[in-house]
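1. following is a predicted model, sequence given first.
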Amino acid sequence: MESTLKELSNGESVLDIKDKCGVAGGVEDMYGEDRATEDQTITPWTFSVASGYSLLRDPHYNKGLAFTEAERDAHYLRGLLPPSVSSQQLQEKKVMHNLRQYQVPLQRYMAMMDLQERNERLFYKLLIDNVEELLPVVYTPTVGEACQKYGSIFRRPQGLFISLKEKGKILEVLKNWPEKSIHVIVVTDGERILGLGDLGCQGMGIPVGKLSLYTALGGVRPSVCLPITIDVGTNNQKLLDDEFYIGLKQKRATGQEYAELLEEFMSAVKQNYGEKVLIQFEDFANHNAFELLAKYRTTHLVFNDDIQGTASVVLAGLIASLKLLGGTLADHTFLFLGAGEAGTGIAELIALEITRKTSVPLEEARKKIWLVDSKGLIVSSRVESLQHFKKPWAHDHEPVKELIDAVKAIKPTVLIGTSGVGKTFTKEVVEAMASLNPKPLIMALSNPTSQAECTADEAYTWSKGHAIFASGSPFDPVEFEGRTFVSGQANNAYVFPGFGLGIIMSGTIRVHDDMLLAASEALASEVTEDDYLKGRIYPPFTNIRKISAHIAAEVAAKAYELGLATRLPRPSDLVKYAESCMYTPLYRSYR
Ligand SMILES: NC(=O)C1=CN([C@@H]2O[C@H](COP(=O)(O)OP(=O)(O)OC[C@H]3O[C@@H](n4cnc5c(N)ncnc54)[C@H](OP(=O)(O)O)[C@@H]3O)[C@@H](O)[C@H]2O)C=CC1
Ligand SMILES: CC(=O)C(=O)O
Ligand SMILES: [Mg+2]
């Protein structure tokens with residue numbers, strides 16, 4: 001049985017209810033119902049009170065067996081549930097027990113997605129309380145396999161799909177989404193999904209996964225998060241030939257057609273949700289990613305996680321590692337395998353941090369940073385043929401083709417893998433790093449695990465236990481000669497949830513690089529002596545909500561300092577304020 005708003009007996013008006021539900025905007029006709037002329041279309045929508053059968057099927061409110069006796073009476077649930085009343089803790093215990101029965105990671109992923117669609121609060125309670133265990137299920141590496149098989153495992157759509165078919169109608173499509181107040185959008189066009197390449201429309205697993213981390217790790221309410229996939233086709237022939245493929249079966253649109261769709265999307269988002277919706281670009285191919293960021297960073301609140309979020313997390317690890325390595329960042333020499341979004345994004349932020357900490361100009365700071373792409377070391381003789389984002393890294397040096405020769409020639413203290421190609425840090429490469437450095441810092445950032453440049457076991461074994469190692473996807477602890485090494489996970493998941501929370505809670509209107517540096521410093525400061533003793537340069541994910549509150553506070557503080565924050569007056573204790581803004585997944589009582 002459903003009651004419409006008009007039937008409520010407490011006398012509240014429609015507008016009162018909307019305001020309480022957090023529909024922002026401050027204008028009464030925010031969906032254009034009054035302004036629309038007779039020949040224009042509008043989206044009809046209503047608020048209704050969920051009860052009975054529909055309450056059990058509403059993932060936002062469903063509590064399953066945890067509905068109390070009183071709630072079962074008041075909400076027409078009698079007979080629709082078995083008599084037993086369960087606590088949320090017991091439900092959590094049961095679901096975790098069931099999940100652990102699955103041997104195949106993809107089955108765990110599917111069980112978690114089913115839970116998210118059945119009982120949202122229980123889903124987040126599980127994820128928050130068991131973050132180290134479940135992160136690899138809802139995120140890398142399993143989400144990679146889920147995207148590859150998305151068509152086959154597809155049951156119910158999550159997020160919004162905007163394809164070329166919707167050109168000219170994107171604003172209307174946005175209005176089809178049930179939530180009217182959105183604060184964060186994670187959007188992909190599916191062309192570079194982790195290190196797995198073009199997965200087209202099946203990339204949707206990534207925005208869905210990233211946004212579940214916004215909530216679990218950063219405390220951003222799920223209702224204000226919107227996953228979006230823009231489908232402009234795919235160049236992945238295997239998908240085009242797959243009868244279960246869920247996307248447009250055509251080659252990717254490019255050039256003007258692509259740019260126009262993205263422009264319409266960006267305008268529609270701003271028109272529908274206002275100036276302060278954070279748009280996180282995720283897993284676009286680099287030929288679009290840099291351009292989109294450059295084009296929209298001055299007009300929209302945008303953030304590219306692969307370029308900027310990754311940079312902030314890796315810089316945090318580097319700052320933390322100085323306690324083990326000694327010296328300052330400026331004393332180190334960095335070599336990257338991979339000169340795309342992640343590689344050049346990290347390189348640029350390292351150089352920026354060096355300029356902020358010393359009087360060294362940016363050009364000079366860049367000279368200690370070298371990158372290798374698929375054609376070899378980036379050197380000045382290649383400059384004419386390089387993509388624009390590689391040009392700042394074309395230093396004077398003779399051409400070098402192979403990574404091992406680049407290691408020997410450049411003698412890096414830090415080796416970072418951002419190539420998307422697995423097994424490229426060979427035994428020879430790791431041994432060379434170990435022969436050059438007492439403690440070589442090796443980061444194999446490529447995801448998922450199959451694409452990691454080397455494994456934790458390889459890094460520790462081949463360096464004879466001398467390496468400091470971190471990777472994009474998690475590895476189990478490694479035993480080597482009687483010692484246990486626990487590697488850190490250098491993944492942008494450490495930063496984007498807290499970073500986004502900081503932006504949202506301060507009403508920040510633009511992302512500034514200094515906010516990324518603030519996030520790096522905040523994350524680095526969370527690494528404890530105990531972590532260092534285990535060889536890790538990142539804190540465990542178990543403390544991530546506390547860490548996210550800290551990151552959010554530092555990011556917001558920087559935004560206030562830069563005059564970019566609009567939530568005034570500035571809260572005096574930003575950490576407390578961040579904590580007070582965070583969503584908690586405990587069940588609410590229903591009257
Ligand atoms: N841990 C984390 O938080 C993150 C990890 N990543 C991971 O990093 C990887 C790369 O992502 P991204 O930078 O966006 O991708 P890009 O496609 O932008 O860049 C890939 C780079 O790797 C180079 N490359 C490819 N193959 C080789 C090879 N065999 N030898 C040397 N270089 C090679 C490419 O060279 P060329 O330019 O010549 O084609 C390019 O410069 C992915 O696996 C992704 O999952 C990304 C973001 C965050
Ligand atoms: C982690 C991430 O964003 C990536 O691998 O693309
Ligand atoms: Mg990514």
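-> Perfect, thanks for sending it. Ligands and ions are numbered 1, 2, ... in the order given.
2. can we go C-alpha only for contacts and neighbour counts from here?
-> OK.
3. double-check that I551 belongs to a strand.
-> No - the assignment for I551 (DSSP: H, G, I helix; E, B strand; the rest coil) gives helix, which keeps it out of a strand.
4. what's the distance between it and ligand 2?
-> Taking CA to the nearest ligand atom, to the nearest Å as the measure, I551 falls 18 Å from ligand 2.
5. separation between that residue and ligand 3?
-> 20 Å (CA to the ion, to the nearest Å).
6. same question, Y538
-> Counting by CA to the ion, the gap from Y538 to ligand 3 is 19 Å.
7. near ligand 3, which residues of the protein?
-> Residues of the chain lying near ligand 3 by CA under 5 Å from the ion: 282-283, 306.
8. low pLDDT regions in the stretch 151-300 of the chain?
-> Under the criterion of pLDDT under 70, none of the stretch 151-300 of the chain is flagged as low confidence.
9. tell me which residue in it sits closest to ligand 2.
-> Nearest to ligand 2, among the residues of the stretch 151-300 of the chain, is L194, at 4.1 Å (CA to the nearest ligand atom).
10. for the residue nearest to that residue when sequence neighbours are not counted, phi and psi?
-> With CA to CA, 6 or more residues apart in numbering as the measure, N447 is the residue that lies nearest to L194, at 5.4 Å, once sequence neighbours are left out. Backbone geometry at N447, expressed as degrees, to the nearest 10, gives phi -120, psi 160.
11. quick revisit: which residues does the residue of the stretch 151-300 of the chain closest to ligand 2 contact?
-> L194 sits next to 144, 283, 420, 446-448 when contact means CA atoms under 8 Å, 6 or more residues apart in numbering.
12. 10 Å instead, please
-> Contacts of L194 were listed using CA atoms under 10 Å, 6 or more residues apart in numbering, and they are 140-141, 143-144, 147, 203, 206, 282-284, 306, 420, 446-448, 451.
13. wait, the residue nearest to L194 sits on K423?
-> No - assessed by CA atoms under 10 Å, N447 is found out of contact with K423, at 11.9 Å.
14. so between these two, which is more surrounded?
-> The neighbour comparison of N447 against K423 (other CA atoms under 10 Å) goes to N447, with 26 against 15.
15. circling back to that earlier point, ligand 2 next: which of the residues of the chain next to ligand 3 are close?
-> When CA under 6 Å from any ligand atom is applied, the members of those adjacent to ligand 2 are 283, 306.
16. one step back: who wins on neighbours among the contacts of L194?
-> Across the contacts of L194, neighbour numbers were computed from other CA under 10 Å; G203 holds the maximum, 33 neighbours.
17. so that residue makes contact with G159?
-> No - shown here, G203 and G159 do not form a contact pair, counting by CA under 10 Å, at 11.4 Å.
18. tell me, what's touching those two both at once?
-> With contacts taken as CA under 10 Å, 6+ apart, G203 and G159 have 187, 228-229 as neighbours in common.
19. how about E243, what does it touch?
-> Under the contact definition (CA under 10 Å, 6+ apart), the residues listed for E243 are 151-152, 249.
20. ok, now how distant is it from A467?
-> 46 Å (CA to CA, to the nearest Å).
21. give me the most central residue, this structure.
-> Centroid-nearest residue in the chain: K210, 4.0 Å away (criterion: CA atoms, centre = their mean).
22. relative to R192, how far out is V360?
-> Here the criterion is CA to CA. By it, V360 lies 35 Å from R192.
23. now swap in T461 and tell me
-> Using CA to CA, we find T461 at a distance of 31 Å from R192.
24. now S86
-> Taking CA to CA, one finds S86 at 43 Å from R192.
25. and these two? Which one has more around it.
-> When S86 and R192 are compared on other CA under 10 Å, the one with more neighbours turns out to be R192, at 19 against 14.
26. now the residue in the stretch 351-500 of the chain that ligand 3 sits nearest to, nearest residue through space, not along the chain?
-> Ranked by CA to the ion, the top residue of the stretch 351-500 of the chain for proximity to ligand 3 is N492, at 7.9 Å. When the adjacent residues along the chain are set aside, N492 lies closest to T310, with 4.7 Å between them (CA to CA, 6+ apart).
27. what's near enough to touch A70?
-> 77, 589-591.
28. now for the residues you listed: which two are most distant?
-> The two members of the contacts of A70 with the most space between them (CA to CA) are L77 and S589, at 14.6 Å.
29. in the stretch 201-350 of the chain, what residue spans correspond to strands?
-> 225-231, 278-281, 302-304, 334-337 (DSSP state E, counting those that start in this stretch).
30. could those be laid out in TSV, adding mean neighbour count and distance to A365?
-> Formatted as TSV, the strands of the stretch 201-350 of the chain follow (neighbours: other CA atoms under 10 Å; distance: least, CA to CA, whole Å):
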stretch	mean neighbour count	distance to A365
strand 225-231	25	37
strand 278-281	24	28
strand 302-304	25	23
strand 334-337	26	11
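31. in the stretch 101-250 of the chain, which spans are helices?
-> 105-118, 120-129, 131-138, 142-148, 150-153, 170-176, 205-216, 237-240 (DSSP state H, counting those that start in this stretch).
32. ditto for the stretch 351-500 of the chain
-> Taking DSSP H, counting those that start in this stretch as the criterion, the stretch 351-500 of the chain contains helices spanning 362-366, 403-410, 427-436, 456-462, 496-506.
33. of those helices, which approaches ligand 1 most closely?
-> Nearest to ligand 1, of all the helices of the stretch 351-500 of the chain, is helix 403-410, at 7.5 Å by CA to the nearest ligand atom.
34. ok, and what's touching that closest one?
-> Defining contact as CA under 10 Å, 6+ apart, one finds that helix 403-410 is touched by 333-337, 368-374, 376-377, 397-400, 411-415, 424-433, 435-436.
35. and if we set it to 8 Å?
-> Under CA under 8 Å, 6+ apart, the answer for helix 403-410 is 333, 335, 337, 370, 372, 376-377, 400, 428-429, 432-433.
36. likewise for stretch 326-336?
-> Here stretch 326-336 has contacts from 318-319, 322, 343, 350, 354, 365, 368-372, 407, 410-418, using CA under 8 Å, 6+ apart.
37. got it, and stretch 285-301?
-> By CA under 8 Å, 6+ apart, the surrounding residues in contact with stretch 285-301 are 191-192, 270, 275-279, 281, 302-304, 340-341, 389, 509-511.
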